[in-house]
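Trainee: got a structure for you, letters missing:
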């Protein structure tokens, strides 16, 4: 039975960013479903103040639908999709960046629904909470100055994170490019920024949401490293792999590598689609129970 790839996006993103990858997977004969987590996709909020001409003061106070959405909400939504996908055969769960947190919680709760879990430069917390990892040495090379300058409003008052991806500030745009797409063109960057949504939820989980050996650890797992990623540096990706392997040494990561920034693999998806196709070929002829 052909597996279904279930694709989980990262922060400020949505299912739209997976369209080129899904096209490549489809042309290789693979079935895929791109997920919109709660408050994302067509459920996102785009305030009038976000449109041109922008009203930054209004944008700083406009309410957003994603306020109050939690990591538990994301996981419950994803589990519902996994349940439906599993009815059609094996499921390969693929997550990117912040989406790895949601994938990990879903794997902790329902390992029976996942035949392989794949992290593409994604967070899979084992020893620390995600927020704590940012203080670690592996994240020292991350320059968040430009990204922080794009933030709008007070997260505590808004109950969410808000970023102005429609800014025309050349310094902020340069920071976005360095963080997300240093190996791409300026035109590709602008297309990507226009697929992003301004709001993201605040909840990054608790120690209970870290990978658990007796559930998450039972699932065959792959980590796809992105060598040029400056948002989640290779050193931190490798730490995720080491910690996961130490948690379940009898079930280590299958490690693959792509030469890509944080987002170039979505702009030029053919190499990633080929790797995912190889993983589909590893699946047994019938789903695991």
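Mentor: Received, thanks. Keep in mind it's a predicted model, so treat the numbers as computed, not measured.

Trainee: For residue 149, grab the count of nearby residues.
Mentor: 14 (other Cβ atoms under 10 Å). No exception for glycine: its C-beta is placed from N, CA and C like everyone else's.

Trainee: Repeat that for the one 4 residues further on.
Mentor: For residue 153, the neighbour count with other Cβ under 10 Å is 21.

Trainee: Using the three-state scheme, assign residue 168.
Mentor: When classified by DSSP: H, G, I helix; E, B strand; the rest coil, residue 168 comes out as coil.

Trainee: residue boundaries of the strands in the chain?
Mentor: Under the criterion DSSP state E, strands of the chain are mapped to 4-8, 31-35, 91-97, 116-122, 161-162, 199-200, 221-226, 254-258.

Trainee: For those, give me a markdown table that also has mean pLDDT, mean neighbour count and distance to residue 283.
Mentor: Output for the strands of the chain, formatted as a markdown table (pLDDT from 0 to 100; neighbours: other Cβ atoms under 10 Å; distance: least, Cβ to Cβ, whole Å):
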| stretch | mean pLDDT | mean neighbour count | distance to residue 283 |
| --- | --- | --- | --- |
| strand 4-8 | 98 | 26 | 11 |
| strand 31-35 | 98 | 20 | 12 |
| strand 91-97 | 98 | 27 | 7 |
| strand 116-122 | 98 | 27 | 7 |
| strand 161-162 | 98 | 22 | 36 |
| strand 199-200 | 98 | 26 | 33 |
| strand 221-226 | 98 | 24 | 12 |
| strand 254-258 | 98 | 16 | 12 |
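
Trainee: Now render those strands as CSV, adding distance to residue 280.
Mentor: As requested, the strands of the chain are exported to CSV (distance: least, Cβ to Cβ, whole Å):
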stretch, distance to residue 280
strand 4-8, 8
strand 31-35, 9
strand 91-97, 7
strand 116-122, 9
strand 161-162, 34
strand 199-200, 30
strand 221-226, 11
strand 254-258, 13
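
Trainee: Can you check which of these gets nearest to residue 179?
Mentor: strand 91-97 (11.3 Å; Cβ to Cβ).

Trainee: does residue 131 really touch residue 204, like I thought?
Mentor: Yes. In terms of Cβ atoms under 8 Å, residue 131 counts as a neighbour of residue 204; the distance is 5.3 Å.

Trainee: neighbour count winner among the two?
Mentor: Just comparing residue 131 and residue 204: by other Cβ under 10 Å the higher neighbour count belongs to residue 204, 19 against 10.

Trainee: I figured that one hits residue 104, correct?
Mentor: No. The pair residue 204 / residue 104 is not scored as a contact, 11.6 Å apart, by Cβ under 8 Å.

Trainee: quick one on the thing from earlier: the strands of the chain: which one's closest to residue 60?
Mentor: Across those, closest to residue 60 is strand 161-162 (Cβ to Cβ), at 7.7 Å.

Trainee: Please list the outside residues in contact with that closest one.
Mentor: 11-12, 59-60, 64, 151-153, 155, 198-202 (Cβ atoms under 8 Å, 6 or more residues apart in numbering).

Trainee: before we move on, the earlier item: for residue 243, which of the strands of the chain is the nearest?
Mentor: Between the strands of the chain, strand 221-226 lies closest to residue 243; by Cβ to Cβ that is 10.9 Å.

Trainee: could you say what helices and strands that closest one packs with?
Mentor: Using 3 or more Cβ pairs under 8 Å, 6 or more residues apart in numbering; DSSP states H and E, the elements in contact with strand 221-226 are strand 116-122, helix 234-247, strand 254-258, helix 270-282.

Trainee: change it to 7 Å
Mentor: strand 116-122, helix 234-247, strand 254-258 (3 or more Cβ pairs under 7 Å, 6 or more residues apart in numbering; DSSP states H and E).

Trainee: of the ones you listed, which approaches residue 188 most closely?
Mentor: Comparing these against residue 188 with Cβ to Cβ, the closest turns out to be strand 254-258 (16.5 Å).

Trainee: Direction included, what does the closest one pair against?
Mentor: According to DSSP bridges, strand 254-258 forms sheet pairs with strand 221-226 (parallel).
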